[in-house]
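> quick one: sequence plus predicted model below, questions after.
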Amino acid sequence: MLTVSSYLSSLASVMAVVGLALILLPYVRRDNAWVRVLLLGITAILALRYLFWRVTETLPPLGFNADSLASIAFVTVEGAALISSLTAYLILTRRRERSGEADENLTWWGDAPPPRVDLYIATYNEELPVLERTLAGTQALDYPHVRVFVLDDGRREWLREVCARYGAEHRTRPDNAHAKAGNINYTLSQRLKDDDAPDFVAVLDADFVPHRNFVSRTLALFHDRNVGLVQTPQHFFNPDPVQHNLYVAGAYPDEQRFFFDHIEPARDGWGIAVCCGTSSMVRVEALREIGGLPTESVTEDFLLTIRLDSHGWRTAYLNEALTEGLAPEGLHEYVVQRGRWCLGMMEIIRNVYNPFTSRKLRPLQRLSLLDSLLYWTTTFAFRLVSLVCPLLYWYFGVIVVSASVTDVMSYYVPYYVAVLVTLNWISRGMIIPVLNDVSQLLAAWPIVRAVGMGLFTKGPHKFKVTAKGGDRTRTVVQWPLMKPFAILFALTVIGLVLPLVFDSGFEHVSRAGDGIRVILFWTIYNLVVLGVTMLACVERPRVNRPQRQTTEMALLAVGTARGMQRFAAWIDHLGTEGARVRGPSGLAAGAAGTLDIPGIGEIAVTVRGADADGYRLDLEATHAQRDLILRKLHTADATPGAARGSVPEMVRGWLRSLASN
């Protein structure tokens, strides 16, 4: 019989991990390499200890029965996912920051003519507000020797006129062969015939706005003749669908933030940083040597890194927010985008560079490819399998993991706690249970499908461009995405309830012994994850786009019954069409006036209405003022979005949302 002392004994490893964290971590810097290696090493050891226990003590005897087959299948997927984690832990043991290097080499060309830079903005179907924001940003660049080109595969005549207004050049081509890579290759091939052919090419997606110093800071790292490409982070000024739909935008980073803030600097420390497409710059000499951007994969950016590397050109990563972009606003687009990334990676593995057989890879590039392969093929499959396994027990009596509570507390819990402590110490709190699971689960099935398609079918494979913009003013329930999660949720609830209601037909439930507690906890956790995932499938309206949060004092002058009144007001949201201010009181809807914003000047406004502690204003900005607003919001030397997780702030956000509803 289990006692309190036996539970406490099983928690000895957990208490050791927590004790080490409490004693050590408050007093060490996060850039301390030895502490990083120590924590990741302990986590890896606990992971291997857990895996050894799973394989040696939790599997039933081999045989052609349901318990054996299900257990072996699950431990295989789990073991592969754990090996994927181990490769990530290895990569995270190093980190390289290049800001100091950039500071020292801002004019590395000395007395020679400054390098010529082309900035290519690839576009297909983006709307005017999206492109207008990006083009306004290019006007603020602080590097004078740059030409801006909009590469329009939509061949829209109205865009030519917009480009002329912003001093950019509008380019089209006869066809849309090879999508973005083909678009860039075509324009570059034309530019290389010109007398002022570029030395470097910077690439932006149409929805990414450059900060003022994007070109100058990125160019600085090309002082090293071995550097063929420089990648910078991709951060977003708007919340992604998970952040927005769950009211956690201010307290939970976007799903890609951990990769750009921590994985890429770690990869750079090993010399295996990767190109991620937008917000990058490439040396034209290197591109000419490899024959232009590769076109064998829908993720030409990752393939570009490997091809450059095979010719001796290295990719460097500058971990500074030098651009900011528009995250997918709809859940469908969010899921499609990640499926496309996975499909492109599988195409590279199948058709171009196999990490096991290709002869053109450095050992570290093999590690890079293997890490990516394991991530896409195991992480999301494990999420799906973990939802199904408890159902096998409740409906059919199949025990997938035969373990007692004390065993789980002795082997699994220490590893899980070590993962949370280590990764949250490294990332300043980006890893939050349940929310991380939800982010992965939403795209799990499309990604698993993309893995199969990319690895086992020849192609070529069609893909959809991630849609941006559109009408987001209504609440939309994404039933096609929610349906499988709702079915799994219902099956899980029914599986829990039926044995309580019926005495006969569910005798198999008792055969798990003490392990029933493990299965019960697993089941309840799945219900929580599925419930939150379904909530994320309810798309909340997005109004006043592209407003972003800002805080600044301005002077508001509005006509009242007593004449024109002037107020000091705080702007806490600002966009090209509207703003929200706090401070004045007693203003009537429809009242007209001006809002004097520092750096922009007086803009004509109309009071649209009052809210809890301020007013919503409609702006009547001129073209010049709109451009100034866009530059003010998106080109400053600042990092957009939440950089760390905060559970208290998350709770406050939920309470505010309940109060507003």
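That came in fine, so what should we check first?
> before we move on, what's the pLDDT of T278?
Here the pLDDT value assigned to T278 is 94.
> again with G228
98.
> can I get the CA coordinates of stretch 426-435 in PDB?
Output in PDB follows, covering the C-alpha atoms of stretch 426-435 (Å, rounded to 0.1, in the frame of the first residue of the first chain):
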ATOM      1  CA  ILE A 426      17.200  30.200 -20.900                       C
ATOM      2  CA  SER A 427      14.200  31.900 -22.500                       C
ATOM      3  CA  ARG A 428      13.000  34.100 -19.600                       C
ATOM      4  CA  GLY A 429       9.700  32.200 -19.300                       C
ATOM      5  CA  MET A 430       8.600  31.400 -22.800                       C
ATOM      6  CA  ILE A 431       7.600  27.800 -22.100                       C
ATOM      7  CA  ILE A 432       4.100  27.600 -20.500                       C
ATOM      8  CA  PRO A 433       2.500  24.100 -20.200                       C
ATOM      9  CA  VAL A 434      -0.800  23.600 -22.100                       C
ATOM     10  CA  LEU A 435      -0.300  26.800 -24.300                       C
END
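> list the buried ones in that stretch?
Neighbour counts over stretch 426-435 (16 or more other CB atoms under 10 Å) mark 426-427, 429-432, 435 as buried. All C-beta spots, glycine's among them, are computed from the backbone N, C-alpha and C.
> cool, stretch 392-410 as well?
Under 16+ other CB under 10 Å, the buried positions of stretch 392-410 are 392-395, 397-410.
> list the contacts for A579?
547, 571, 573, 595, 605, 616-617, 619 (CB atoms under 8 Å, 6 or more residues apart in numbering).
> about what we covered before: can you redo the buried residues of stretch 426-435 as TSV with pLDDT, secondary structure and distance to V385?
Shown next, in TSV, are these (pLDDT from 0 to 100; DSSP: H, G, I helix; E, B strand; the rest coil; distance: CB to CB, whole Å):
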residue	pLDDT	secondary structure	distance to V385
I426	93	helix	27
S427	92	helix	26
G429	88	coil	28
M430	91	coil	25
I431	91	coil	21
I432	91	coil	22
L435	93	helix	20
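> so which residues of the stretch 251-400 of the chain form helices?
Assigned helices in the stretch 251-400 of the chain, in chain order: 257-258, 264-270, 284-290, 300-310, 331-351, 363-374, 380-396 (criterion: DSSP state H, counting those that start in this stretch).
> host element of the residue nearest to A136 when sequence neighbours are not counted?
Distance criterion CB to CB, 6 or more residues apart in numbering; nearest residue to A136, sequence neighbours excluded, is L630 at 4.0 Å. Applying DSSP states H and E as the criterion places L630 in helix 623-634.
> still on that earlier bit, which members of the contacts of A579 occur in strands, if any?
With DSSP state E as the criterion, strands contain 571, 573, 595, 605, 616-617, 619 from among these.
> what comes up buried for stretch 564-572?
For stretch 564-572, by 16+ other CB under 10 Å, it's 565, 567, 569-571.
> just stretch 197-211 next, same as before
Residues 198-211 are the ones in stretch 197-211 that count as buried (16+ other CB under 10 Å).
> including pLDDT, secondary structure and distance to D268, could the residues you listed go into JSON lines?
Shown next, in JSON lines, are the buried residues of stretch 197-211 (pLDDT from 0 to 100; three-state DSSP; distance: CB to CB, whole Å):
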{"residue": "P198", "pLDDT": "97", "secondary structure": "coil", "distance to D268": "25"}
{"residue": "D199", "pLDDT": "97", "secondary structure": "coil", "distance to D268": "23"}
{"residue": "F200", "pLDDT": "98", "secondary structure": "strand", "distance to D268": "19"}
{"residue": "V201", "pLDDT": "98", "secondary structure": "strand", "distance to D268": "21"}
{"residue": "A202", "pLDDT": "98", "secondary structure": "strand", "distance to D268": "19"}
{"residue": "V203", "pLDDT": "97", "secondary structure": "strand", "distance to D268": "19"}
{"residue": "L204", "pLDDT": "97", "secondary structure": "strand", "distance to D268": "21"}
{"residue": "D205", "pLDDT": "95", "secondary structure": "strand", "distance to D268": "22"}
{"residue": "A206", "pLDDT": "95", "secondary structure": "coil", "distance to D268": "27"}
{"residue": "D207", "pLDDT": "94", "secondary structure": "coil", "distance to D268": "25"}
{"residue": "F208", "pLDDT": "95", "secondary structure": "strand", "distance to D268": "21"}
{"residue": "V209", "pLDDT": "95", "secondary structure": "strand", "distance to D268": "24"}
{"residue": "P210", "pLDDT": "96", "secondary structure": "strand", "distance to D268": "21"}
{"residue": "H211", "pLDDT": "95", "secondary structure": "coil", "distance to D268": "20"}
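> check these and tell me the two furthest apart.
Comparing all pairs in the buried residues of stretch 197-211 by CB to CB, the longest separation belongs to D199 and D207, at 26.5 Å.
> checking my notes, A197 in a strand, right?
No: A197 is assigned coil when assessed by DSSP: H, G, I helix; E, B strand; the rest coil, not a strand.
> next up, the contacts around it.
Contacts of A197 by CB under 8 Å, 6+ apart are 116, 191, 284.
> circling back to that earlier point, quick check: next helix or strand after the helix holding L630?
The helix or strand immediately downstream of helix 623-634 is helix 647-660, counting by DSSP H and E.
> check which residues of that next one are buried.
650, 653.
> now for it, which elements pack on it?
Helices and strands touching helix 647-660, as assessed by 3 or more CB pairs under 8 Å, 6 or more residues apart in numbering; DSSP states H and E, are absent.
> now what about that helix, what contacts it?
247-252, 432, 612.
> go with 7 Å
If you take CB atoms under 7 Å, 6 or more residues apart in numbering as the criterion, helix 647-660 is touched by 247-248, 250-252, 432.
> adding distance to I524, write these out as CSV.
Shown next, in CSV, are the contacts of helix 647-660 (distance: CB to CB, whole Å):
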residue, distance to I524
Y247, 23
V248, 22
G250, 28
A251, 24
Y252, 22
I432, 18
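> out of the residues you listed, which comes closest to R582?
Closest approach to R582 among the contacts of helix 647-660 (CB to CB): G250, at 16.9 Å.
> how about the strands of the stretch 51-200 of the chain, start to end?
117-123, 146-152, 169-171, 200-205 (DSSP state E, counting those that start in this stretch).
> and the first one, which strands flank it?
The strands beside strand 117-123 in its sheet (DSSP bridges) come out as strand 146-152 (parallel), strand 200-205 (parallel).
> what's the spacing between the last one and its chain's center?
Okay, so that is strand 200-205. 20 Å (CA atoms, centre = their mean, to the nearest Å).
> so that strand versus helix 300-310, what angle?
Per axes from the mean of the first three to the mean of the last three CA atoms, to 10 degrees, the angle that strand 200-205 makes with helix 300-310 is 150 degrees.
> got the CA coordinates for strand 200-205 in CSV?
The C-alpha coordinates for strand 200-205 follow below in CSV (Å, rounded to 0.1, in the frame of the first residue of the first chain):
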residue,chain,number,x,y,z
PHE,A,200,24.2,42.5,-51.9
VAL,A,201,20.4,41.7,-52.0
ALA,A,202,18.2,42.1,-49.0
VAL,A,203,14.8,40.3,-49.0
LEU,A,204,11.6,41.2,-47.4
ASP,A,205,8.2,39.6,-47.5
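> done for today, thanks.
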